[in-house]
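Asker: Fold the following for me, if possible:
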Amino acid sequence: QVRLVESGGALVQTGGSLRLSCAASGRTLGVYDMGWFRQAPGKEREFVAAISRSGISLYYADSVKGRFTIARDKLKNTVYLQMNSLKPEDTAVYYCAAKGGIPTARDLMTLDEYAYWGQGTQVTVSS
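Answerer: Model prediction:
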């Protein structure tokens, strides 16, 4: 079993940048596909970005394409989400998650496919 801990959330102005980190313990992240999801107040948790266990396949929600970048550092057992050109609508609690199983594009973008979740980190973008 893997334990995930997110960090890096903060209050930032529109147009600013943040880098979220997701540190893993208990098992290497190299055997998992990794995803970032977010949940805004009053809304359902939604997919943001995902990276396959090989690091080759990357997926993004349309709302963040061109602004967010997901990456993984196997030596540090950490996954990152670089967020640029932030907008007020990016305000949410951001969660990282890990999944095993078959790494299809659809599965990597599906919340229910992820078995392990972090506690979340708050990102607030002021206008």
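Asker: going forward, measure contacts and count neighbours with C-alpha atoms only.
Answerer: Noted.
Asker: Which parts of the protein are strands?
Answerer: 3-7, 11-13, 18-25, 33-39, 46-51, 58-60, 68-73, 78-83, 92-99, 116-117, 121-126 (DSSP state E).
Asker: mind checking which of these is nearest Ala105?
Answerer: Nearest to Ala105, of all these, is strand 58-60, at 7.5 Å by C-alpha to C-alpha.
Asker: For Met109, which of the strands of the chain is the nearest?
Answerer: Nearest to Met109, of these and by C-alpha to C-alpha, is strand 46-51 at 6.0 Å.
Asker: Centre of the chain to that closest one, how far?
Answerer: Chain-centre distance of strand 46-51: 6 Å, with C-alpha atoms, centre = their mean, to the nearest Å.
Asker: returning to that earlier point: quick check: which of the strands of the chain is nearest to Thr110?
Answerer: Thr110 sits nearest to strand 46-51 of all these, at 7.1 Å, using C-alpha to C-alpha.
Asker: List the contacts of that closest one.
Answerer: Under the criterion C-alpha atoms under 8 Å, 6 or more residues apart in numbering, residues 33-39, 57-61, 64, 69-72, 108-111 lie in contact with strand 46-51.
Asker: Just the CA trace of stretch 89-96, in PDB.
Answerer: The C-alpha trace of stretch 89-96 is given here as PDB (Å, rounded to 0.1, in the frame of the first residue of the first chain):
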ATOM      1  CA  GLU A  89     -11.800  29.000 -11.600                       C
ATOM      2  CA  ASP A  90      -8.700  26.900 -10.700                       C
ATOM      3  CA  THR A  91      -9.500  27.400  -7.000                       C
ATOM      4  CA  ALA A  92     -10.100  24.000  -5.400                       C
ATOM      5  CA  VAL A  93      -8.600  21.400  -3.200                       C
ATOM      6  CA  TYR A  94      -6.200  19.400  -5.300                       C
ATOM      7  CA  TYR A  95      -5.700  15.700  -4.700                       C
ATOM      8  CA  CYS A  96      -3.100  13.300  -6.000                       C
END
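Asker: Give me the nearest residue to Arg45, chain neighbours excluded.
Answerer: Leaving aside its sequence neighbours, Arg45 sits nearest to Gln39 (C-alpha to C-alpha, 6 or more residues apart in numbering; 4.3 Å).
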